[in-house]
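**Q** After the sequence you'll find the predicted model.
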Amino acid sequence: MTASKAVTAVAGTNIALVKYWGKRDVALNLPATGSLSLTLDRLGTRTTVVFDDGERDRLILDGAPAGDAETARVSAFLDRVRARAEIARRALVTTDNSVPTAAGLASSASGFAALALAAARAAGLALSPAELSALARVGSGSAARSIFGGFVEMARGERPDGSDAIAHALPEGDGWDVRLVVAITASGPKAMGSTAAMTHTARTSPFHDAWIASVPGDLAAARAAIAARDLPALGAVAERSALRMHAAAMAADPAIIYWNAATLAAIACVRALRAAGTPAFFTIDAGPHVKTLCHAADADAVAAALRAVPGVSDCLIAAPGPGARVVEAA
Ligand code: PMV
């Protein structure tokens, strides 16, 4: 069997401080609004792609063959890369997440960013970071942001083909010594996936339009806070963006509730830390875990406080990290 060059890429996940929750086009994953995030140095994905003479695409996920649904999602993504590179060969994709999938943090953001870069390069395509961002977005909207490091803004874009729905780095934030403390809460019943939940929110939540209308102002406030290195200002945006996103989802019919008791206890812990003088600010994604933005110097104390919250099973401290990159090509 002759094979193409095997290319390995790594990407860090990212956590949105101004959330993306709503699509203007489901097939192309075009967002209804922009979003703004921080790419992390931990909680990432390492993916190797090699095109060979296999009969179908194969996906090895965290050391074991992946199920049909996951393999089909990756295969559909590879079809785009093959069409662009004008090749027909199938691929072997080996991917490892740096946190156990069971922790509920294995993010599609780092996964599709690493896959976009490794697959494009293995297929012989030389794509710009902006082109990679548009490609990664088709796999998962948040993945478009993990192509870049540090603080990143994702544009809503206007074009129907999505070519301007891409992310870019916000270099004003480079070197700002912040941390995200990730508190893993005991998981509850399996939550709804983000695409189904976004569609359901848009269809049934009376708060959806108000949520969408609130995002441009939050983006402007977050940009200004990053440029000024004003953590309380950025933290205030992050908290209200997360709460408004969840409020829109909770108001859907039937309701989408991602939180559990430990989520609320962790929110209370962060607010108590702040009342006692530590600038710490929470955000929550489509799951029960609580991520807290703080200064590097406060991260150990914030993590210690969150570890003591009933229902918090673990706490990880992540720093800003680089964008997706190729680490091996042989
Ligand atoms: O792109 P997806 O399907 O992983 O959805 C991301 C949704 C949130 O994580 C809740 C918000 C965000 O902007 O990352």
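**A** Arrived safely, thanks for sending. Since this is a predicted model, take the numbers as computed values, not measurements.
**Q** Below-threshold pLDDT in this structure: ranges please.
**A** Low-confidence segments of the chain (pLDDT under 70): 1, 100-106, 187-190.
**Q** Map the structural domains onto the sequence of it.
**A** Using automatic domain parsing, the domains assigned to the chain come out as 7-174+321-329, 178-318.
**Q** right, is the shortest one up against the ligand?
**A** Which is domain 178-318. Yes. Contact of domain 178-318 with the ligand (Cβ under 6 Å from any ligand atom) involves 194, 195, 285, 286. The C-beta positions use only the backbone N, C-alpha and C, and glycine is treated the same way.
**Q** and those as CSV, adding secondary structure and neighbour count?
**A** Formatted as CSV, the residues of domain 178-318 next to the ligand follow (DSSP: H, G, I helix; E, B strand; the rest coil; neighbours: other Cβ atoms under 10 Å):
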residue, secondary structure, neighbour count
194, helix, 18
195, helix, 15
285, coil, 23
286, coil, 21
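**Q** tell me the two of those residues that are most distant?
**A** 195 and 285 (13.7 Å; Cβ to Cβ).
**Q** Show me the common contact partners of these two, please.
**A** Residues touching both residue 195 and residue 285 (Cβ atoms under 8 Å, 6 or more residues apart in numbering): none.
**Q** that older thread, now that we have the residues of domain 178-318 next to the ligand, can you turn them into a markdown table and tack on distance to residue 157?
**A** Conversion of those to a markdown table gives the following (distance: Cβ to Cβ, whole Å):
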| residue | distance to residue 157 |
| --- | --- |
| 194 | 19 |
| 195 | 18 |
| 285 | 22 |
| 286 | 22 |
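**Q** can you tell me which residues contact the residue nearest the centre of the chain?
**A** Nearest to the geometric centre of the chain sits residue 109, at 3.9 Å (Cα atoms, centre = their mean). Going by Cβ under 8 Å, 6+ apart, residue 109 touches 11, 13, 14, 140, 142, 143, 145, 146.
**Q** Which of the residues you listed sits closest to the ligand?
**A** Nearest to the ligand among those is residue 142, at 3.4 Å by Cβ to the nearest ligand atom.
**Q** To what extent is the closest one buried, counted in neighbours?
**A** Burial of residue 142, expressed as a neighbour count using other Cβ atoms under 10 Å, amounts to 30.
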